[in-house]
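Build me a model from this:
(one chain, ligands or ions: 3)
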Amino acid sequence: MGSFEDLWRSQADIGRSDAGGYRRFAWTPADLECRAWFTDQAGSRGLAVEPDRNGNLWAWWGDPRAGDAVVTGSHLDSVPDGGGYDGPLGVVSAFAAVDELRSRGTVPRRPVAVVCFSDEEGARFGVSCVGSRLATGVLDPDQARALRDLDGTSLAGAMAAAGVDPDRLGPDPRLLDRVGCFVELHVEQGRGLVNLGAPVGLAGRIWPHGRWRFEFTGRADHAGTTRLADRQDAMLPAAAMVLASRALAAELGAHATVGRLVVEPNGTNAIASRVRAWLDARAPEESTVRRLVERVGTEAGWAGSEHGVAVRTTEESWTPVVEFAPDTGPFTGLAEVLGDPPILPTGAGHDAGILAGVLPAAMLFVRNPTGVSHSPAEHAEPADCLAGVRALADTLEYLACR
Ligand code: GLV
Ligand code: MN
Ligand code: MN
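Residues are numbered from 1 along each chain as shown. Ligands and ions are numbered 1, 2, ... in the order given. So this is what the prediction gives:
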């Protein structure tokens, strides 16, 4: 097969804007192009592609029915104007690791699969890791089908339009029973490896995190003629909620982000009648996240009362803490094989974290010199990408050949 660079380039223009960021939202043409790319790459390696009932794509090296498979991969969708590495690095490196193993003459004793999970970022329908949550049964299929994007298109409708039957969504124990373990390689989304001077690390722990929708309902009116005292301006408690989130995050040692607002009617000279604001909250401990969200809710409620605005809060998703155990079960001895790389905690969610709830899962991180992610500034140097591929190939060899 070709070089890692050629493989990387073969997908690098899909869904990329002129400004350099990616817009690969689930089930849009860019995502479908990514999925076609995945199928082509698998086909060119003689790997049999089997889409599962939840829209995830599995490319098998060996017979899936043999069981105890060693699976690797990640996702190809992106956040709005995301970087090129979050997700794709794991999928491209997975194919490159298969190539590397074949060039070493490795003959796995267990099936190996490369997987592309659908809708990891949740950028379009609001819930992250949809494919892995559905497969593991932590997302209710009815709830998933009913998710809607901002244009009102349901996830069921978007999947059906892409040729995937939404009636089949749901837990997939038969497929997951065939998986012995999962390893996801991912670009690091911070500066841990930069600071340690290491190209590759292992994941230790994922912070518990969730997403909450705050809905502020006031009354539209004229910006020039409505006395301040007569307004029910939905923007004001929304703004208070944003500032409270930040202040409480600082106080509690958490991360809180409001990166998405939908304002109605969204006119410069009209008072906002409705604002929807999404709070992303994370912390080392679940109790901290819960306390933060409760206190943000209380502050938003007070601000709502002050301005005659109704406030409603809905939890859209919740992900408990994940403790990867990179030196237990099938991974016992792996750290030594990899030269004892650093073990790093992360505040970012991953399909590996969802799968860790039902089967042994691990993650490899590749150094990101900018430390920036969910932005076009996200980066990995070619030499570090190759170090990642070698580490992943060593990992797959260790897991699949013993
Ligand atoms: C996934 O990238 C997340 O939001 O943590
Ligand atoms: Mn991401
Ligand atoms: Mn990711």
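
CA only for contacts and neighbour counts going forward, please
Fine.

Can you classify the nearest residue to residue 371 once chain neighbours are set aside by secondary structure?
Residue nearest to residue 371 in three dimensions, not counting chain neighbours: residue 190, with 4.1 Å by C-alpha to C-alpha, 6 or more residues apart in numbering. Reducing the assignment at residue 190 to three states with DSSP: H, G, I helix; E, B strand; the rest coil gives coil.

Can you name the residues that contact residue 190?
For residue 190, the contact set (C-alpha atoms under 8 Å, 6 or more residues apart in numbering) comprises 368, 370, 371, 372, 373.

For these, which single residue is the most surrounded?
Among the contacts of residue 190, the one with the most neighbours (other C-alpha atoms under 10 Å) is residue 368, at 26 neighbours.

Please tell me the pLDDT value assigned to that residue.
If you check residue 368, the pLDDT there is 98.

and it, how far is that from residue 85?
Distance of residue 368 to residue 85, computed by C-alpha to C-alpha, to the nearest Å: 9 Å.

quick one: the strands in the stretch 151-300 of the chain?
Counting by DSSP state E, counting those that start in this stretch, the segments of the stretch 151-300 of the chain that form strands are 179-187, 200-206, 209-217, 255-264, 274-282.

ranking those strands by burial, who's on top?
Stretch with highest mean neighbour count among the strands of the stretch 151-300 of the chain: strand 179-187 (a mean of 26; mean count of other C-alpha atoms under 10 Å).

neighbouring strands for it, and are they parallel or not?
Strand partners for strand 179-187, identified by DSSP bridges, are recorded as strand 69-75 (parallel), strand 361-366 (parallel).

residue contacts, residue 220?
Taking C-alpha under 8 Å, 6+ apart, we find residue 220 in contact with 232, 233, 265, 270, 271, 272, 273.

export those to CSV and tack on neighbour count, distance to residue 161 and pLDDT?
Output for these, formatted as CSV (neighbours: other C-alpha atoms under 10 Å; distance: C-alpha to C-alpha, whole Å; pLDDT from 0 to 100):
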residue, neighbour count, distance to residue 161, pLDDT
232, 26, 41, 99
233, 25, 39, 99
265, 14, 30, 98
270, 17, 37, 98
271, 24, 37, 98
272, 26, 34, 99
273, 21, 33, 99
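
Count the neighbours of the closest residue to residue 127 other than its chain neighbours for me.
Once flanking residues are discounted, residue 127 sits nearest to residue 317: 6.1 Å by C-alpha to C-alpha, 6+ apart. When neighbours are defined as other C-alpha under 10 Å, residue 317 has 15 of them.

can you check the one 4 residues further on too?
By the criterion of other C-alpha under 10 Å, residue 321 has 20 neighbours.

any idea how far it is from residue 204?
With distances defined as C-alpha to C-alpha, the gap from residue 321 to residue 204 amounts to 11 Å.

Residue 219 too?
Between residue 219 and residue 204 the distance is 48 Å, computed by C-alpha to C-alpha.

could you say which helix or strand contains the closest residue to residue 210 other than its chain neighbours?
Once its chain neighbours are removed from consideration, residue 210 has its nearest residue in residue 318; the separation is 4.3 Å (C-alpha to C-alpha, 6+ apart). Residue 318 is part of strand 310-319, with elements assigned from DSSP states H and E.

Now do that strand, average pLDDT.
98.

for stretch 193-210, same thing?
The predicted model gives stretch 193-210 an average pLDDT of 98.

distance between the ends of it?
One end of stretch 193-210 to the other measures 26 Å (C-alpha to C-alpha).

Please see if that stretch touches ligand 1.
No. No part of stretch 193-210 sits close enough to ligand 1 to count as contact by C-alpha under 6 Å from any ligand atom; the gap is at least 8.1 Å.

For the residue nearest to residue 342 when sequence neighbours are not counted, list the residues it contacts.
Using C-alpha to C-alpha, 6+ apart and skipping the chain neighbours, the partner closest in space to residue 342 is residue 201 (4.9 Å). Taking C-alpha under 8 Å, 6+ apart, we find residue 201 in contact with 193, 341, 342, 343, 344, 364, 365, 366, 367.
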